[in-house]
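# Here is a sequence together with a model predicted from it:
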Amino acid sequence: MNVLLIGDGGREHAIAWKLKDSADLKRLFIAPGNAGTASCGTNVNLKLNNATEVINFATDNQIDLVIIGPAEPVEAGLSDALTNAGIAVFAPSKAAGQIESNKAFAKQFLTQHNLPTARYATFTDYHAACEYLAELAYPFVIKAAGLADGKGAVLPQTFTEAKLVLRDLLLDKRLGHAGQEVIIEERLEGEEVSLLAFSDGTTLSPMPTAQDHKRLRDGGLGPNTGGMGAFAPVPIVSKDLVDTIIKDIMQPTVDGMREAGMPFVGVLYAGVILTDNGPQILEYNARFGDPEAQVILSLLKSDLLGIMNACVDGTLANTKIDWYDEAAACVVMAADGYPNAYATGIAITGLEAATTKYSEVFHSGTNIVSDGVVSAGGRVLGVTGWGKDFQAAITHAYEAVSKISFVGAQYRKDIGARAIVSD
Ligand code: AMP
Ligand code: GLY
């Protein structure tokens with residue numbers, strides 16, 4: 001099969017790295033890709049906001065399957081355009097993708113189906129939102145309804161701070177269209193876990209659970225980021241709990257979407273919080289997480305392309321998926337200044353030495369230049385290690401990190417520490 005993978009982050013490098021071992025893969029193209037994906041296939045410079053360009057490339061190169069990594073092209077309608085052109089796509093339609101791209105839709109869907117999620121209200125008017133907050137008798141979270149790259153949720157400490165957040169989103173429009181509508185929801189307490197599952201629209205096949213590290217600094221301090229590291233599987237989550245989340249929350253979600261005429265095909269990612277009242281959904285994503293994909297796919301034993309084909313063909317129920325009974329940890333190395341403004345074009349050294357039998361460097365924001373690899377994003381690398389247990393995985397990841405250097409590199413030193421504590 002010839003495959004076109006859309007995206008340019010660490011998630012896409014991890015997908016490409018796994019696909020290149022697939023028995024049925026003939027040619028792999030990545031658009032636009034990064035310095036890491038270039039070692040798994042051919043990077044091509046396509047304008048992703050121009051569906052015609054993608055369709056023409058797919059037709060000219062006899063592409064059998066397009067895989068869309070990020071959420072934005074789905075929201076822009078790329079999967080629908082490809083489907084209409086008769087090209088198979090591993091990604092949800094724009095309508096199904098709303099489960100991520102429109103939090104107001106997602107909350108309404110969850111509530112309508114009686115699925116566990118925090119109490120909420122939505123607002124587009126600043127004054128109405130402030131009035132509601134003034135009356136609210138419980139701690140709350142404010143979220144932009146649209147796609148905000150993991151930075152759309154704020155947990156204000158005071159009413160004054162909350163008003164500033166609302167002003168920022170609704171009046172100053174810092175996130176533009178994505179923040180035109182806000183969700184105000186009850187703040188829940190508990191451990192957070194990501195449960196991702198392959199979906200063919202009917203059947204779900206869960207992956208190992210993962211835990212992201214969203215804050216910039218050790219100990220969960222500092223600002224929110226797209227994710228500074230991850231580990232998998234999460235020791236505190238038993239197989240029974242995974243089964244419960246699938247049976248009571250994710251399966252009814254997929255069933256409800258199919259019944260509403262928008263079958264969900266692709267990766268359904270549930271951001272779950274384990275409260276005293278049981279698991280509740282914080283958010284759904286309609287794709288692999290980044291950096292969750294880096295740890296989860298390191299643990300995948302089965303052929304990824306085969307699984308993705310089964311999702312597209314609707315035959316996931318007959319597809320056995322095997323995972324290594326091991327642990328994996330990913331440490332994100334970010335540019336100086338991230339998650340705020342940062343420089344790019346910084347030379348990176350030590351990449352080859354960091355790739356071993358037990359570690360892989362997934363590139364998030366990199367570019368190839370004449371004399372090597374340079375940074376090209378805020379999150380630069382996702383250095384991933386694996387092994388028979390967490391101690392081994394974490395050691396392998398940090399050994400690899402120690403071999404890499406670039407000016408201003410910042411990374412957390414405590415990735416996976418919680419896995420050890422609860423091991
Ligand atoms: P989201 O983008 O909705 O996943 O929110 C990002 C992060 O904000 C989550 O991973 C949580 O840490 C936090 N968060 C979001 N919603 C809530 C909530 N209702 N209660 C507590 N924390 C939340
Ligand atoms: N790491 C969080 C996400 O991909 O949404």
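Looks like it came in fine. Ligands and ions are numbered 1, 2, ... in the order given.
# In contact with G227, which residues?
Applying CB atoms under 8 Å, 6 or more residues apart in numbering, we find G227 in contact with G150, D212, H213, K214, G289, D290, P291, E292, V332, R379. All C-beta spots, glycine's among them, are computed from the backbone N, C-alpha and C.
# Which helix or strand contains it?
Assigned by DSSP states H and E, G227 belongs to no helix or strand.
# And for L147?
Residue-wise, L147 maps onto no helix or strand under DSSP H and E.
# Quickly note the distance from it to V182.
14 Å (CB to CB, to the nearest Å).
# Tell me which of these two has more neighbours.
V182 (27 against 21; other CB atoms under 10 Å).
# Does the more buried one touch F123 like I think?
Yes. At 5.4 Å, V182 and F123 qualify as touching, with contact defined as CB atoms under 8 Å.
# Give the residues shared as contacts by those two.
Joint contacts of V182 and F123 (CB under 8 Å, 6+ apart) are A129, L166, L170.
# show me what contacts the last one?
Spelled out, that is L170. F123, T124, D125, Y126, A129, G179, Q180, V182.
# Now the phi/psi pair for the closest residue to E72 other than its chain neighbours, please.
Closest residue to E72 apart from its sequence neighbours, by CB to CB, 6 or more residues apart in numbering: L147 at 6.3 Å. Main-chain torsions, L147, degrees, to the nearest 10: phi -70, psi 130.
# so who does L147 touch?
L147 touches A71, E72, E75, E100, S101, A178, counting by CB under 8 Å, 6+ apart.
# before we move on, the earlier item: who wins for most neighbours among the contacts of L170?
V182 (27 neighbours).
# which ones are touching that residue?
T122, F123, T124, A129, I142, K143, A144, A145, L166, L169, L170.
# which stretch of helix or strand covers the nearest residue to L204 once chain neighbours are set aside?
Sequence neighbours aside, A197 is the residue nearest to L204 in space, at 4.3 Å (criterion: CB to CB, 6+ apart). Using DSSP H and E, A197 sits in strand 191-200.
# Could you list every helix and strand in contact with that strand?
Other elements packing on strand 191-200 under the criterion 3 or more CB pairs under 8 Å, 6 or more residues apart in numbering; DSSP states H and E are strand 204-206, strand 211-212, strand 265-275, helix 292-298, helix 304-313.
# Packing partners of the fourth one?
Helices and strands in packing contact with helix 292-298 are listed as helix 10-19, strand 191-200, strand 229-232, strand 327-334, strand 379-387; criterion 3+ CB pairs under 8 Å, 6+ apart.
# Compare those and give me the one nearest R258.
strand 191-200 (9.8 Å; CB to CB).
# ok, the closest one near ligand 1 or not?
Yes. Shown here: strand 191-200 in contact with ligand 1 (CB under 6 Å from any ligand atom) through E192.
# these two touch, right, I307 and D322?
No. Taking CB under 8 Å as the definition, I307 is not a contact partner of D322, at 10.4 Å.
# Could you check which of these two has the larger neighbour count?
I307 (21 against 10).
# Contact residues of the stretch 101-250 of the chain facing ligand 2?
So far as CB under 6 Å from any ligand atom goes, the stretch 101-250 of the chain lies against ligand 2 at G150, D212, G226, G227.
# Apply 5 Å and report the result again.
D212, G227 (CB under 5 Å from any ligand atom).
# List the contacts of the residue of the stretch 101-250 of the chain found nearest ligand 1.
Nearest residue of the stretch 101-250 of the chain to ligand 1: A153, at 3.4 Å (CB to the nearest ligand atom). Taking CB under 8 Å, 6+ apart, we find A153 in contact with V141, I142, K143, A144, N224.
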